[in-house]
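Student: When you get a sec, could you give me coordinates for this:
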Amino acid sequence: MNQKSSLREDPQFVSGVLTANTVRDLMRRHIIENSPVGPGDIILGKPVEKRVIHSVITASQESGAHPKRLRKLLVAAGIIPPGLDQYPSSRVFFNASSAEEFIARAVTSLNLKEARTHLGVGRAQAKLLYQNGFILPCVPEGAEGLGDLAFARDDLDAFLRSLLEGATPVSDPQPPICPIEKAVKKANCSIAEIVQLILGKKLRWLGLDPAQHGFAALLVDIEEIKELVRGRYPDGVPIYVALKELKTTERVAKLLIAGGHLNIVTAVSPLNRCPVRLIPNDSLKQFRDRYISLYELTLVTGYHHTKVKRTLDARGLEPALTSDKFGATFYFKSDVAYLAR
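Tutor: Residues are numbered from 1 along each chain as shown. Alright, predicted model coming up:
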């Protein structure tokens, strides 16, 4: 509030009656509302009861934060505007009450390296927690002049409490119970997936090792984690399985795929979370219902393939797929059904 507005709002000013005490009180109010003074300061003979304005320096002195880092944090949070580099920190002012909560959080803020120590996780895991939005900095990422992310300690503690809520203390965990770090490796999943299961209350059981701190204290049932993160196996079979069912070779299978007689898809394996090429079950079934190889006919009839071939030739039955194009000879199953009886 400026002096002019203070005067206009004063009843004695409005009535036209001003005394020395009134003027002194108005001047004192103006100083308090526009200068970085606070409890402990004496203004015009009276102590200041409540701070209204902070400078970066007074905020630093009260909070214990380094003035240079505090100034960067205040700029990053939008509490003080950028572009005031020409002014010393003692001359950069802001509203004390609106910044009080932020300063309390920022003064104990941790960078990502410190945050991972506080949480009890490794570098890669801390980065995943940040990238997946489980831990959020108290100022925007990439804020000008702020080299490191700043995480409020209270936010990190609240995150840990939410993870540990309802956990059962276990002093001597035995398999299949294990810490999250081991569960990540055994289930071949990310820490973010397990954290999401915990926060979403998807786990039937969650444990706590009282001898450990932070993430290291969390215990999970590895079999339950595997069941939840792996999901169902895709509807298809790997090529090597299809080879056994078709009783053929990999070369023949690749030629059948290239010729459009078998489909091939890429899916994510629930076992190792890696891409895997599969022949869909319906594609394999359609092929087997439609075709049968000359080799399979020899197994069914018990005759040598040359005798089977002569018999089919004598009946005028031509191969549906020839060996010169597909590496093996296939007939329409409906044409040779009588041989399989």
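
Student: Leu197 contacts Leu203, correct?
Tutor: Yes - using C-beta atoms under 8 Å, Leu197 makes contact with Leu203 at a distance of 5.5 Å. C-beta coordinates here come from the backbone N, C-alpha and C atoms, glycine included.

Student: who touches both of these two?
Tutor: 225, 228 (C-beta atoms under 8 Å, 6 or more residues apart in numbering).

Student: tell me the secondary structure for the residue lying closest to Gly45 once chain neighbours are set aside?
Tutor: Once flanking residues are discounted, Gly45 sits nearest to Arg24: 7.9 Å by C-beta to C-beta, 6 or more residues apart in numbering. Secondary structure, DSSP: H, G, I helix; E, B strand; the rest coil: Arg24 is helix.

Student: any idea how far Pro88 is from Arg24?
Tutor: 30 Å (C-beta to C-beta, to the nearest Å).

Student: do the same with Glu62
Tutor: The value you get for Glu62 to Pro88, if C-beta to C-beta is used, is 18 Å.

Student: Of the two, which one has the most company?
Tutor: Set side by side, Glu62 and Pro88 show more neighbours around Glu62, with 16 against 12, by other C-beta atoms under 10 Å.

Student: Now do the same contact list for that one.
Tutor: 38, 54.

Student: how close does it get to Asp85?
Tutor: 23 Å.

Student: all strands of this structure, in order?
Tutor: Ranges of strands in the chain, per DSSP state E, are 42-43, 46-47, 53-55, 93-95, 168-169, 177-179, 207-208, 218-221, 236-238, 265-268, 275-280, 291-293, 330-332.

Student: which strands and helices sit next to the longest one?
Tutor: Taking 3 or more C-beta pairs under 8 Å, 6 or more residues apart in numbering; DSSP states H and E as the contact definition, the neighbouring helices and strands of strand 275-280 are strand 236-238, helix 239-246, strand 265-268.

Student: where does the stretch 201-341 of the chain have low pLDDT?
Tutor: Applying pLDDT under 70 to the stretch 201-341 of the chain flags residues 231-233, 340-341.

Student: Enumerate the helices of it by residue range, in sequence order.
Tutor: Using DSSP state H, counting those that start in this stretch, the helices of the stretch 201-341 of the chain run over 222-230, 239-246, 250-258, 281-290, 294-301, 305-314, 323-326.

Student: Tell me which residues are up against the third one.
Tutor: Outside of helix 250-258, the residues within contact range by C-beta under 8 Å, 6+ apart are 239-240, 242-243, 246, 262-264, 279, 287, 321, 325-328.

Student: coming back round to it: including mean neighbour count, could the helices of the stretch 201-341 of the chain go into TSV?
Tutor: Formatted as TSV, these follow (neighbours: other C-beta atoms under 10 Å):
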stretch	mean neighbour count
helix 222-230	17
helix 239-246	16
helix 250-258	17
helix 281-290	14
helix 294-301	17
helix 305-314	14
helix 323-326	14
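
Student: now the ones you listed in JSON lines, with distance to Pro270?
Tutor: Putting the helices of the stretch 201-341 of the chain into JSON lines (distance: least, C-beta to C-beta, whole Å) gives the following:
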{"stretch": "helix 222-230", "distance to Pro270": "4"}
{"stretch": "helix 239-246", "distance to Pro270": "16"}
{"stretch": "helix 250-258", "distance to Pro270": "23"}
{"stretch": "helix 281-290", "distance to Pro270": "16"}
{"stretch": "helix 294-301", "distance to Pro270": "32"}
{"stretch": "helix 305-314", "distance to Pro270": "40"}
{"stretch": "helix 323-326", "distance to Pro270": "32"}
